[in-house]
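Q: my questions concern the predicted model and sequence given below.
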Amino acid sequence: MADGFATRYEPAAREALRAFGIETARLQLVGISENVTYRADDDRSGKAYVLRLHRPGYHSLDELNSERVWLEALRSSGISVPTPVDAPDGRYFVPVGVAGNETRQAGLNVWAPGEIVGELLTAHDRNTDATGPPEIAAPFSQLGGLMAAMHNQAAGWTPPSSFRRHRLDLDGLLGDAPFWGPFWENPVLDGRERELLITARDHCRERLRRYGEPRRTFSMIHADLHLANLLTCDGQLSVIDFDDAGFGWHQYDIAVAMFHSRDTADFRAARQAFLHSYRAVRPISDDDLALVPMFELIRGMAILGWRAARPEVPWPDGQLEMFRKGVVSGCERLLKSSPTPI
């Protein structure tokens with residue numbers, strides 16, 4: 001799969017680099033997900049960059065430009081985020097053609113030093129000489145404070161009138177056409193499971209309708225802020241991959257972090273460390289936090305929708321089945337514990 005993607009997209013990647021003033025570079029495919037992502041090492045300057053070929057139809061050019069605006073606002077508040085590179089003509093993104101009459105917007109960032117936190121923990125798990133559980137509490141403690149700082153910035157920030165970004169609100173997460181696709185239609189589900197997910201979706205939707213969008217917990221969020229989107233360098237964390245960033249509930253942001261590490265050893269201590277650090281930077285009530293488990297289920301639903309719409313993205317064997325079982329079990333628990341929305 002990766003070799004085929006490299007063959008198809010490398011000419012477009014080189015066209016994009018030339019538009020950014022880089023004539024020759026060594027390209028390395030580093031990710032196939034929402035975007036096709038390369039590392040590009042400039043032969044002339046020796047500098048390294050991240051080149052992203054954005055998925056057609058996922059974001060408009062205005063939305064991509066707005067991502068740049070929020071990154072700059074976050075950077076101004078002291079949060080370490082990607083450093084974008086402008087094309088010589090001042091554009092943030094340039095369109096490039098891909099084989100098969102496809103056009104993608106290409107963006108370039110400076111390659112950030114450091115290691116991905118999630119990969120460090122995975123490497124620990126696979127190291128037969130490692131002793132004891134991975135030190136997950138420490139990065140989660142850092143992540144809690146970092147996420148709270150981002151929520152502080154976003155909640156106190158007024159975007160410019162030209163700012164455009166999707167909304168992960170009732171319709172964006174739980175409507176008839178959710179942002180990441182109708183999760184209840186994933187073909188891995190049988191008829192009973194589809195009906196179960198629809199019932200649970202309606203339950204969550206009603207609960208969030210009653211909760212509303214209070215400014216204290218609804219603003220711009222990263223929406224994909226888990227350990228695989230964190231870099232660590234000299235003990236400091238940097239946030240990467242803002243593709244999913246949009247307007248949404250802070251509890252969804254928190255749930256994403258919890259959801260993707262919930263099966264890690266000693267996660268209970270990690271959750272406590274996260275919340276302690278979060279609350280040291282930004283207050284959040286117990287009532288507001290009580291929604292996080294429901295948002296964890298919503299995250300699982302969203303992943304089922306995302307996966308169904310992107311069959312070309314490689315996944316480890318058995319992972320989709322694992323998600324299916326987890327979401328179905330979560331829906332059953334939700335409806336058993338609270339048959340009607342409260």
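A: Here it is on my side, so go on. Residues are numbered from 1 along each chain as shown.
Q: for residue 53, phi and psi?
A: Dihedral pair for residue 53: phi -100, psi 110, per degrees, to the nearest 10.
Q: contacts only, for it.
A: For residue 53, the contacting residues are 9, 12-13, 16, 35-38, 96, 98, 104-106, by C-beta atoms under 8 Å, 6 or more residues apart in numbering. C-beta here means a position set from N, CA and C on the backbone, and glycine is covered the same way.
Q: what about 6 Å?
A: 9, 35, 36, 104, 106 (C-beta atoms under 6 Å, 6 or more residues apart in numbering).
Q: model confidence score at the residue lying closest to the second one once chain neighbours are set aside, please.
A: If I follow you right, that is residue 35. Closest residue in space to residue 35, ignoring its immediate chain neighbours: residue 52 at 4.4 Å, by C-beta to C-beta, 6 or more residues apart in numbering. Per-residue pLDDT puts residue 52 at 97.
Q: residue 295 too?
A: 97.
Q: give me the element it is part of.
A: helix 292-309 (DSSP states H and E).
Q: go on, residue 145?
A: Per DSSP H and E: residue 145 is located in helix 137-155.
Q: I'd like to know which elements that helix is packed against.
A: strand 218-221, helix 267-281 (3 or more C-beta pairs under 6 Å, 6 or more residues apart in numbering; DSSP states H and E).
Q: that one to helix 267-281, inter-axis angle?
A: Going by axes from the mean of the first three to the mean of the last three C-alpha atoms, to 10 degrees, helix 137-155 is angled at 40 degrees with respect to helix 267-281.
Q: just the helices from the stretch 101-250 of the chain, written as ranges.
A: Listed in chain order, the helices of the stretch 101-250 of the chain (DSSP state H, counting those that start in this stretch) span residues 117-126, 137-155, 170-174, 191-211, 250-259.
Q: now the longest one: buried residues?
A: Applying a neighbour-count criterion of 16 or more other C-beta atoms under 10 Å, one finds 193, 194, 196, 197, 200, 201, 203, 204, 205, 207, 208, 211 buried in helix 191-211.
Q: which residues does the first one contact?
A: When you say that, I think you mean residue 193. residue 328.
Q: would you mind measuring from it to residue 331?
A: Distance from residue 193 to residue 331, counting by C-beta to C-beta, to the nearest Å: 8 Å.
Q: shaky segments in the stretch 1-150 of the chain?
A: 1-6, 122-135 (pLDDT under 70).
Q: now do the strands in it.
A: Ranges of strands in the stretch 1-150 of the chain, per DSSP state E, counting those that start in this stretch, are 25-32, 35-42, 48-54, 84-85, 93-98, 102-110, 115-116.
Q: save those as CSV, and put in distance to residue 288 too.
A: Below are the strands of the stretch 1-150 of the chain laid out as CSV (distance: least, C-beta to C-beta, whole Å):
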stretch, distance to residue 288
strand 25-32, 33
strand 35-42, 33
strand 48-54, 33
strand 84-85, 33
strand 93-98, 36
strand 102-110, 33
strand 115-116, 30
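Q: what's the closest of those to residue 186?
A: strand 25-32 (19.8 Å; C-beta to C-beta).
Q: how about that closest one: buried residues?
A: For strand 25-32, by 16+ other C-beta under 10 Å, it's 25, 27, 29, 32.
Q: which pair in these spans the largest distance?
A: 25 and 32 (19.3 Å).
Q: follow-up on the earlier one: partners of the residue nearest to residue 35 in the sheet?
A: For residue 52, the beta-bridge partners under DSSP bridges are residue 37, residue 107.
Q: any idea how far it lies from residue 37?
A: Taking C-beta to C-beta, one finds residue 52 at 5 Å from residue 37.
Q: higher neighbour count, the two?
A: Higher neighbour count among residue 52 and residue 37: residue 52, with 25 against 21, using other C-beta atoms under 10 Å.
Q: from residue 236, how far off is the more buried one?
A: Residue 52 is 23 Å from residue 236, by C-beta to C-beta.
Q: cool, residue 209 as well?
A: Distance from residue 209 to residue 236, by C-beta to C-beta: 40 Å.
Q: residue 301 contacts residue 183, correct?
A: Yes: if you go by C-beta atoms under 6 Å, residue 301 and residue 183 touch, sitting 4.4 Å apart.
Q: same list, the helices of the stretch 101-250 of the chain, but as JSON lines with distance to residue 278 please.
A: As requested, the helices of the stretch 101-250 of the chain are arranged in JSON lines below (distance: least, C-beta to C-beta, whole Å):
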{"stretch": "helix 117-126", "distance to residue 278": "17"}
{"stretch": "helix 137-155", "distance to residue 278": "4"}
{"stretch": "helix 170-174", "distance to residue 278": "21"}
{"stretch": "helix 191-211", "distance to residue 278": "19"}
{"stretch": "helix 250-259", "distance to residue 278": "7"}
